[in-house]
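Enquirer: Here's a sequence, model it:
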Amino acid sequence: MAQERLSILLLTVPDRTCYTDRTGGEKMMENDILQQILIELKEVKNDVQSVKQDLQEVKKEVQSVHYSVILIENDHGEKIGALLDGQCLNTEKLKEHSNILGRMDRKLDQMSTVQNVHDIKLQKLAK
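Expert: So this is what the prediction gives:
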């Protein structure tokens, strides 16, 4: 980008139009001004084209990142779904095992009670 821009003052002189820069420098003719404007316009055009190219690259990168995020979400979504299914199966098995252990605990209590009764009867018979 051009850092210094041409700043001019229009001086109207009968029969001729001429310009001078704001610093009081030399007078410029209309053709010179138009050439300077054309040069600066070309620079601006090049800058705009460069920005457009950069924007296109950024759009491509964003699109690529968006596509990658979708793939990751799909892949991880399936894995998380599988983990949740596995957790549900484990929870069901734990409930089954808890029920079985509860029944076994009750049977053990019953057997312990029967054993105590038998111990008492054996003690009475031994006397």
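
Enquirer: Please report how far residue 47 lies from residue 117.
Expert: In this structure, residue 47 and residue 117 are 102 Å apart, going by Cβ to Cβ, to the nearest Å. To be clear about C-beta, it is placed using only N, CA and C from the backbone, and glycine gets the same treatment.

Enquirer: So which other helices or strands are in contact with the helix or strand hosting residue 93?
Expert: Residue 93 belongs to helix 30-126 when elements are defined using DSSP states H and E. For helix 30-126, the packing partners by 3 or more Cβ pairs under 8 Å, 6 or more residues apart in numbering; DSSP states H and E come out as strand 16-21.

Enquirer: now with 6 Å?
Expert: The helices and strands touching helix 30-126, judged by 3 or more Cβ pairs under 6 Å, 6 or more residues apart in numbering; DSSP states H and E, number zero.

Enquirer: going forward, begin numbering at 4 instead of 1
Expert: Okay, using 4 as the starting number, the last item reads as helix 33-129.

Enquirer: if you average pLDDT over that helix, what comes out?
Expert: Average pLDDT, helix 33-129: 93.

Enquirer: how far out from the middle of the chain is that helix?
Expert: Centroid displacement of helix 33-129 relative to its chain, using Cα atoms, centre = their mean, to the nearest Å, is 15 Å.

Enquirer: give the contact list for the residue nearest the centre of the chain.
Expert: Nearest to the mean C-alpha position of the chain, by Cα atoms, centre = their mean, lies residue 72 at 7.3 Å. Residues near residue 72 by Cβ atoms under 6 Å, 6 or more residues apart in numbering: none.
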